[in-house]
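**Student:** Structural data only, the sequence is not supplied:
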């Protein structure tokens, strides 16, 4: 597939983390047939894109959700924070699909008016490696994540010490950890999908999310889509909907 025929997915980056930090995200985007477009901290405006990915990274500045920093808050990159909040708002204005992973999920929640838990004991087990499956999450089978995973329970890694506190208006929880930690969120239109864990290519395998990016690409280029998005899922009766324990 030529570059012109591939959806363009922007990935926010920070020079402070080094190029190698973002390679797993770039490779995962390319593995599903898209072109990764770097958006370094300080980027003022989105270029022509078909989707936006907010990846993992350092802690979000607590002042952005109205709190003083906890002593256990790690390094922050305020330039990256401001860049991602700005680009996220632009992506929403354009109707672009947005995916958040780990820190990216937290940025989305803050951008939409939510807050974070500044420190969680026992969640950051990086010393065991990225591939260590630390705990189980329960997934809403009707969500984008549930449709991509095809399972209601997943074993996942755990590389974070922060998580969503107050869930922002307009977002719903789609996955939870054993202790109730918010492990996945999305919007009702499916344009925002975010997860707390990173599982490589599997994080990008939602047919409907990547299908929306493909539709954006075809509209931008004036060509026909090379793939069709999954049909919209029907709403479940209220009594049958998956509920958070929080």
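**Tutor:** All right, it came through fine. Here the structure is a predicted model, which means the values were calculated and not measured.

**Student:** Can you give me the buried ones in stretch 140-154?
**Tutor:** 140, 141, 142, 143, 144, 145, 146, 147, 148, 149, 154 (16 or more other CB atoms under 10 Å). In this view, the C-beta of every residue, glycine as well, is placed from N, C-alpha and C.

**Student:** Among those, which are located in helices?
**Tutor:** Residues of the buried residues of stretch 140-154 located in helices (DSSP state H): 144, 145, 146, 147, 148, 149.

**Student:** quick one: contacts of the helix or strand where residue 138 lies?
**Tutor:** In this structure, residue 138 sits in strand 135-139 according to DSSP states H and E. With contact meaning CB atoms under 8 Å, 6 or more residues apart in numbering, strand 135-139 is reached by 145-146, 149, 151-156, 158, 174-178, 183-184, 197.

**Student:** all helices of this protein, in order?
**Tutor:** Ranges of helices within the chain are 23-31, 78-94, 103-111, 144-149, 207-221, based on DSSP H.

**Student:** In JSON lines: those helices, plus distance to residue 188.
**Tutor:** What follows is the helices of the chain, written out as JSON lines (distance: least, CB to CB, whole Å):
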{"stretch": "helix 23-31", "distance to residue 188": "25"}
{"stretch": "helix 78-94", "distance to residue 188": "14"}
{"stretch": "helix 103-111", "distance to residue 188": "14"}
{"stretch": "helix 144-149", "distance to residue 188": "11"}
{"stretch": "helix 207-221", "distance to residue 188": "13"}
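
**Student:** okay, the ones you listed, which one's buried deepest?
**Tutor:** The highest mean neighbour count among the helices of the chain, using mean count of other CB atoms under 10 Å, belongs to helix 103-111: a mean of 26.

**Student:** What is it packed up against?
**Tutor:** Under the contact criterion of 3 or more CB pairs under 8 Å, 6 or more residues apart in numbering; DSSP states H and E, helix 103-111 touches strand 51-54, helix 78-94, strand 98-101, strand 116-117, strand 163-164, strand 182-186, strand 192-195.

**Student:** And these: which comes nearest residue 13?
**Tutor:** Residue 13 sits nearest to helix 78-94 of all the helices and strands packed on helix 103-111, at 8.2 Å, using CB to CB.

**Student:** Run through the protein and note the low-pLDDT ranges.
**Tutor:** 1-4, 121-135, 155-160, 198-246 (pLDDT under 70).

**Student:** closest one to residue 54 among the helices of the chain?
**Tutor:** Minimum separation from residue 54 across these (CB to CB) falls at helix 103-111, 3.1 Å.

**Student:** Residues contacting the closest one, please?
**Tutor:** The contact list for helix 103-111 (CB under 8 Å, 6+ apart) reads 53-60, 64-65, 81, 84-85, 88-89, 98, 100, 115-116, 160, 162-164, 167-168, 171, 182, 184-185, 192, 194-196.

**Student:** tell me the contacts of residue 174?
**Tutor:** Contacts for residue 174 (CB under 8 Å, 6+ apart) come out as 139, 140, 143, 144, 145, 146, 184, 185, 186, 242.

**Student:** ok, now with 7 Å
**Tutor:** If you count contacts by CB atoms under 7 Å, 6 or more residues apart in numbering, residue 174 has them with 139, 140, 143, 145, 146, 184, 185, 186.

**Student:** where's the nearest residue to the fourth one once chain neighbours are set aside relative to residue 116, distance?
**Tutor:** Looking back up the chat, that one is residue 145. Excluding its sequence neighbours, the residue lying closest to residue 145 (CB to CB, 6 or more residues apart in numbering) is residue 184, at 4.7 Å. Separation of residue 184 from residue 116 (CB to CB, to the nearest Å) stands at 16 Å.

**Student:** again with residue 191
**Tutor:** Per CB to CB, residue 191 is found 22 Å from residue 116.

**Student:** Same drill for these two, tell me which one is more crowded.
**Tutor:** Applying other CB atoms under 10 Å to residue 191 and residue 116 shows that residue 116 carries more neighbours, namely 24 against 18.
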